[in-house]
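Enquirer: the following block contains a protein sequence and its predicted model.
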Number of protein chains: 2
Amino acid sequence: MATDTDEPIRVLIVDDHAVVRQGLMTFLELQDGIEVVGEASNGKEALQKVKELEPDVVLMDLVMPVMDGLTAIKEIKLMRPETEVIALTSFADDEKVFTAIRSGATGYLLKDVQPADLVKAVIAAERGEVQLHPEVAKRLMHEVVAPPKEDDGLQELTERELEVLGLLGRGMSNKEIARELQVSEKTVKAHVSSILNKLSLPGRTHAALFAVKRGLAPA
Amino acid sequence: MATDTDEPIRVLIVDDHAVVRQGLMTFLELQDGIEVVGEASNGKEALQKVKELEPDVVLMDLVMPVMDGLTAIKEIKLMRPETEVIALTSFADDEKVFTAIRSGATGYLLKDVQPADLVKAVIAAERGEVQLHPEVAKRLMHEVVAPPKEDDGLQELTERELEVLGLLGRGMSNKEIARELQVSEKTVKAHVSSILNKLSLPGRTHAALFAVKRGLAPA
DNA sequence: GTAATTATAGGAAAAAATACCCATACTGTG
DNA sequence: CACAGTATGGGTATTTTTTCCTATAATTAC
């Protein structure tokens, strides 16, 4: 707790969209105890601003040109660990969430966050506390429950599931796969759900791409 | 018109499911002018039966073990062109439909065909006439309307569509793409529909695989 | 200036996919 | 024999995807 009740929390906003920066700024400025000390439109600029302005909290968009937010977070935590970074993106992409957290992000918020929650998160972050968006928390839980995935995930699939995954990689629908394998569509759905679950994939399209990457389906 | 009003139409039934064969047979046998002269449970067997029984019309399932129906059709038309083959499958798969027709099938019926229509198709086929299931006809029309696709299809996409296709190739959902591009999900849907239509793809998974193949998305 | 194309997006409805229940049958394994 | 895992699929509910229709603004082409 560097800054306390008397000193306002110094916030740096990093986002490549001017509108987003403007929106965040105007809102945060209205809050007691929060002061937006600067903004940056990409990771590189953010690093510079952090050095220059020494903010307590950085609100960091992850998708940006020049230097992406993930890299920027790492650099910031390296350069000035006492600065807390809240990752702020439009969607809960599994990969990005975990990478962001591994990179040292204290929080992870989605852009559809309620203003009040944003303020809470900033205040919490400044104290080093973690504030997670419910959706993100849910994904984290999932990761914790089925975590390491030492291997590539393929070996935990059964024979039948590998077979289904191969057909998935050819772009086939559940109905088509069902006919191909001579089973009911319901069974195929069960296999697909199991595949998506075991591989922690968010949808059949990811599964199809995965299948091709692993050579289960012709490129 | 080899066989005419007096001689019954000699039909060979080819399907790997005994139940299907039984169903087709009992029904067709009730019809005047149609005689089921034999049955086969796979393509290889079908070839043999055609040579042996010299049927006028073959009802051919496309999905079978040992030798698939598509190959069997080619072989049959090669061996005995005067035999008319009606492809009979459970689903209107674009590829299979066109391949079947290119292979020399005179008709293409779906298994949910009405018995009466099946009879009509058999009679029509024996005269060399084409009888198409409405659904199949629709797909054929579509192929005719937007046929050759001389190029790879990519060039007919607009800039925005290429952009969307690239994101599709990363496995993103419409919602995710909408956030990424800062437009409504509705707009993304419009783009996706347009892409699928222009490229004649049956679904987003095919589009994703296509995108990767063309380097629009990272492999 | 009119016509065509494109990007945008709403409404409605149908089809597909997904999640979460459940049960059965078969196959090993301790 | 009990137990775990697998393949099979029914039921239900929700979400996503897809199609079809309509419409506006902006751009470009003739």
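Expert: The structure has been received and is ready for your questions. Numbering: from 1, shown residues only, chains lettered A, B, ... in the order given.
Enquirer: pretty sure A:Arg160 contacts A:Ser194?
Expert: No. Using CB atoms under 8 Å as the test, A:Arg160 is too far from A:Ser194 to be in contact (9.3 Å). (Glycine included, C-beta is placed from N, CA and C.)
Enquirer: give me the common contacts of those two.
Expert: With contacts defined as CB atoms under 8 Å, 6 or more residues apart in numbering or on different chains, no residue is shared by A:Arg160 and A:Ser194.
Enquirer: can you give me the strands in chain A?
Expert: Ranges of strands in chain A, per DSSP state E, are A:9-14, A:34-40, A:57-61, A:84-89, A:107-110.
Enquirer: okay, now the unreliable bits of chain A?
Expert: Along chain A, the model assigns pLDDT under 70 to residues A:1-6, A:17-20, A:22-23, A:63-67, A:69, A:90-103, A:110-115, A:128-155.
Enquirer: kindly recompute the last result at 50.
Expert: Low-confidence segments of chain A, defined by pLDDT under 50, are located at A:1-3, A:143-151.
Enquirer: just give me the longest helix of chain A.
Expert: Looking across chain A with DSSP state H, the single longest helix is helix A:185-199.
Enquirer: for that one, C-alpha coordinates in PDB please.
Expert: These are the backbone C-alpha positions of helix A:185-199, laid out as PDB (Å, rounded to 0.1, in the frame of the first residue of the first chain):
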ATOM      1  CA  GLU A 185     -26.500 -37.600 -33.800                       C
ATOM      2  CA  LYS A 186     -26.900 -37.700 -30.000                       C
ATOM      3  CA  THR A 187     -23.900 -40.000 -29.700                       C
ATOM      4  CA  VAL A 188     -21.900 -37.700 -31.800                       C
ATOM      5  CA  LYS A 189     -22.900 -34.800 -29.700                       C
ATOM      6  CA  ALA A 190     -21.800 -36.600 -26.700                       C
ATOM      7  CA  HIS A 191     -18.400 -37.300 -28.200                       C
ATOM      8  CA  VAL A 192     -18.000 -33.800 -29.400                       C
ATOM      9  CA  SER A 193     -18.800 -32.400 -26.000                       C
ATOM     10  CA  SER A 194     -16.300 -34.700 -24.500                       C
ATOM     11  CA  ILE A 195     -13.700 -33.700 -26.900                       C
ATOM     12  CA  LEU A 196     -14.300 -30.000 -26.400                       C
ATOM     13  CA  ASN A 197     -14.200 -30.600 -22.600                       C
ATOM     14  CA  LYS A 198     -11.100 -32.700 -22.600                       C
ATOM     15  CA  LEU A 199      -9.200 -30.300 -24.800                       C
END
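Enquirer: show me what that helix is packed against.
Expert: Using 3 or more CB pairs under 8 Å, 6 or more residues apart in numbering or on different chains; DSSP states H and E as the contact criterion, the neighbours of helix A:185-199 among helices and strands are helix A:159-168, helix A:174-181, helix A:204-213.
Enquirer: interface residues of chain A facing DNA strand C?
Expert: Counting by CB under 7 Å from any atom of the strand, the residues of chain A close to DNA strand C are A:173-175, A:189-190, A:192-193, A:196-197, A:203-205, A:207.
Enquirer: now, which of these lie close to DNA strand D?
Expert: Checked against DNA strand D using CB under 7 Å from any atom of the strand, the residues of chain A next to DNA strand C give the following subset in range: A:190, A:203, A:205.
Enquirer: chain B: which of those residues is nearest?
Expert: For chain B, the closest of those turns out to be A:Thr205, at 4.5 Å, with distances computed as CB to the nearest CB.
Enquirer: just to revisit the earlier point, among the ones next to DNA strand D among the residues of chain A next to DNA strand C, who's most crowded?
Expert: A:Thr205 (24 neighbours; other CB atoms under 10 Å in any protein chain shown).
Enquirer: what separates that one from B:Ser173, distance-wise?
Expert: Relative to B:Ser173, A:Thr205 is positioned 8 Å away (criterion: CB to CB, to the nearest Å).
Enquirer: cool, and A:Lys175?
Expert: With the distance defined as CB to CB, A:Lys175 ends up 21 Å from B:Ser173.
Enquirer: the two: which is more packed in?
Expert: More neighbours surround B:Ser173 than the other of A:Lys175 and B:Ser173, with 18 against 13 (other CB under 10 Å).
Enquirer: how about the contacts made by that one?
Expert: Shown here is B:Ser173, whose contacts under the criterion CB under 8 Å, 6+ apart are A:202-203.
Enquirer: what about the residue of chain A found nearest DNA strand D, how many residues close to it?
Expert: With CB to the nearest atom of the strand as the measure, A:Arg160 is the residue of chain A nearest to DNA strand D, at 2.8 Å. The criterion is other CB under 10 Å. On that basis, A:Arg160 has 15 neighbouring residues.
Enquirer: if we can go back for a sec, any chance of the helices and strands packed on helix A:185-199 in JSON lines with distance to B:Ser103 as columns?
Expert: Below are these laid out as JSON lines (distance: least, CB to CB, whole Å):
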{"stretch": "helix A:159-168", "distance to B:Ser103": "22"}
{"stretch": "helix A:174-181", "distance to B:Ser103": "19"}
{"stretch": "helix A:204-213", "distance to B:Ser103": "28"}
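Enquirer: give me whichever of those is most buried.
Expert: Neighbour counts averaged per stretch over these are highest for helix A:204-213, at a mean of 23; criterion: mean count of other CB atoms under 10 Å in any protein chain shown.
Enquirer: interface residues of chain A facing DNA strand D?
Expert: Taking CB under 7 Å from any atom of the strand, the part of chain A that reaches DNA strand D is made up of A:158-161, A:181, A:183-184, A:186-187, A:190-191, A:203, A:205.
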